[in-house]
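1. Here is my input, please return the structure:
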Amino acid sequence: MKRLTLFFALFFVWSAAFSQPKSLFLQPSANGRFIQWSDGKPFFINACTALTLTTAYSDQEVREYLDNRLASKFNAIQMSAVYAEIENTMADSAFLNRDLLKPAPKFWERVDRVVRQATDRRLVVLLNPMWKHSFNEFIQSNGPAKCREYGKWFANRYKNNPYVIYFIGGDAAPEPVRLELEEMGKGIQEVYGGKALIAYHSETDQSSLEAWPNASWITMNWTTAYSTDFGKKYPYSENYDNWKAFPKFPIHFSKGYFDSGDSQNYGQNGTSGSWGDRFVLRRQAWWNILSGGTGNAWAAEGICCKKSDDQTWHACLLYGSSKDIGIMKQLTDKIKWWKLQPDIEHQLLTGGYGTFMTDDYAVCSVSDNGSLAVIYTPVKQSLELRLPDYGEHCRLRWYDPADGKYSKIDMRFPKKKKKSVIITTPGLNHSGREDWVLIIEGSRLK
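-> Numbering: from 1, shown residues only. The predicted structure is shown next:
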């Protein structure tokens with residue numbers, strides 16, 4: 001009893017020390033499809049993944065990294081408070097006597113400092129209490145009751161910081177610690193009165209809600225898709241399933257292929273295991289946002305786990321794929337992306353979209369009021385579009401996903417109106433690939 005009393009006293013003191021004035025906060029939109037600030041302004045999560053930022057980076061490196069990400073149009077950082085690929089001594093560093101109710105002060109002061117560095121820059125932090133993939137034994141040894149108290153302690157630490165979002169788990173299905181993780185999530189929600197943004201980061205091919213269909217504590221749905229070893233493997237496939245099955249939850253694409261630069265010998269399809277080249281990372285990001293995703297996470301191996309593999313984290317900041325994600329964000333800043341709905345049944349993009357569950361598949365999304373459509377095709381295609389009046393009242397433009405430049409499309413209207421129009425991609429883009437984004441604007445497209 002004395003130990004619990006001391007524990008609660010400590011977390012209230014630490015929480016007060018960390019708190020900042022509370023004003024706006026993030027929440028699901030009224031229709032549940034996207035994240036917004038409490039004043040109603042939509043927020044598209046454009047995250048860079050740096051799981052080891054709190055443990056592997058020096059204070060100076062943290063500052064350099066965050067300044068670069070902010071300048072590169074990232075607005076969020078995915079990180080884990082307690083991360084290790086192999087549990088080894090990390091649990092001993094974070095907790096005294098490997099007890100969840102005995103957090104080590106110096107370790108957590110460091111976590112606080114890194115979180116503060118990010119959120120003071122108005123970068124949203126997607127924060128994981130513990131990387132489940134490596135800590136099953138440790139979590140299990142502490143049990144559900146301690147996990148509940150740890151969740152409450154963790155939430156109290158950051159509840160007054162409106163730039164913090166939570167995710168439980170970590171690249172793994174809930175078993176064998178499902179009950180413990182559920183208590184951790186419930187502990188966080190107890191502190192927030194059920195209004196915290198929390199997701200579960202599961203294994204590939206399994207979203208938060210596919211792993212936890214009835215979890216009362218989950219308010220965001222995260223998807224992952226990246227490996228040919230798994231069934232769905234494509235972001236659009238995973239997103240389509242979750243868009244239809246869980247309509248009241250925002251979809252965030254939390255993990256895809258990682259860029260590992262020149263250190264990987266990529267195959268013909270641009271992938272090697274769970275790593276992908278610049279084109280693969282760009283493609284998965286566009287597939288995601290035009291298939292229902294309202295958040296995207298980019299990752300480089302040398303940044304995420306601070307592994308060199310002949311690629312320093314400084315070098316990773318300069319990857320072409322990182323620049324491409326900034327170019328994608330450049331477009332989302334200019335359009336009402338939150339109104340887009342995936343054209344799953346091909347009402348607008350009726351042909352020429354390639355083959356589902358292959359690398360050549362084109363995705364289309366149309367705004368709910370029919371005034372905007374955006375299509376991404378990863379390869380050379382002749383896209384067949386069903387446009388009102390043969391597109392006579394529409395403006396069509398190509399957007400180069402590798403440099404952010406627009407090019408006009410001259411429409412010629414036949415005397416006899418047809419049911420569809422064919423638009424062919426313009427050739428090589430700035431990066432030398434043939435993937436393009438087609439933007440269609442008009443008074444009505446549906």
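2. Now for Lys73, how many residues are close by?
-> Lys73 has 17 neighbouring residues, counting by other Cβ atoms under 10 Å. Every C-beta, even on glycine, is put in place using the N, C-alpha and C of the backbone.
3. ugh, typo on my part, it should be Ser134
-> Neighbour count for Ser134, taken as other Cβ under 10 Å: 21.
4. for it, what are its contacts?
-> Shown in contact with Ser134 (Cβ atoms under 8 Å, 6 or more residues apart in numbering): Tyr83, Ala84, Glu85, Ile86, Glu87, Met90, Gly170.
5. So what's the residue count around Tyr406?
-> Tyr406, neighbours per other Cβ under 10 Å, totals 12.
6. What distance do you get for it to Ile325?
-> Distance of Tyr406 to Ile325, given as Cβ to Cβ, to the nearest Å: 19 Å.
7. List the contacts of the strand or helix carrying Glu109.
-> For Glu109, the element it lies in under DSSP states H and E is helix 105-120. For helix 105-120, the external contacting residues (Cβ under 8 Å, 6+ apart) are 14, 18, 20, 53-55, 57, 59, 62-63, 66, 77, 79, 81, 93-94, 125, 127, 157-158, 161, 163-164.
8. the helices in the stretch 301-446 of the chain, which residues?
-> Counting by DSSP state H, counting those that start in this stretch, the stretch 301-446 of the chain has helices at residues 301-304, 313-316, 320-332.
9. what bridges to Trp436?
-> Thr377 (DSSP bridges).
10. what's near enough to touch it?
-> Neighbouring residues of Trp436 by Cβ under 8 Å, 6+ apart: Tyr376, Thr377, Trp398, Tyr399, Asp400, Pro401, Thr425, Pro426, Asn429.
11. In contact with the first one: list those residues for me.
-> What that stands for is Tyr376. Applying Cβ under 8 Å, 6+ apart to Tyr376 gives the contacts Arg283, Trp286, Trp287, Leu290, Ala362, Val363, Pro401, Asp435, Trp436, Val437, Leu438.
12. The fourth one against Thr377, yeah?
-> To tie it back to what came earlier, the one meant is Leu290. No - under the criterion of Cβ atoms under 8 Å, Leu290 is not in contact with Thr377, lying 10.3 Å apart.
13. Nearest to Lys336 among the contacts of Trp436?
-> Tyr399 (15.4 Å; Cβ to Cβ).
14. Apart from its neighbours in sequence, what residue is nearest the closest one?
-> Val437 (4.0 Å; Cβ to Cβ, 6 or more residues apart in numbering).
15. Also Ser29?
-> Gln36 (4.9 Å).
16. Need phi/psi at that neighbour.
-> phi -140, psi 160 (degrees, to the nearest 10).
17. Please name the bridge partners of it.
-> Going by DSSP bridges, Gln36 forms beta bridges with Gln27, Pro42.
18. burial measure for it, as a count.
-> 20.
19. That one against Phe44, yeah?
-> No - Gln36 lies out of contact with Phe44 (Cβ under 8 Å); the separation is 10.0 Å.
20. any residues in contact with both of these two?
-> When contacts are counted by Cβ under 8 Å, 6+ apart, Gln36 and Phe44 have Trp338 as shared neighbours.
21. Check Asn136 and give its pLDDT.
-> The per-residue pLDDT reported for Asn136 equals 93.
22. Quick one: residues contacting it.
-> Contact analysis of Asn136 by Cβ under 8 Å, 6+ apart lists Pro176, Val177.
23. just Val124 next, same as before
-> Leu26, Phe43, Ile45, Ala47, Asn75, Ala76, Ile77, Tyr163, Val164, Ile165.
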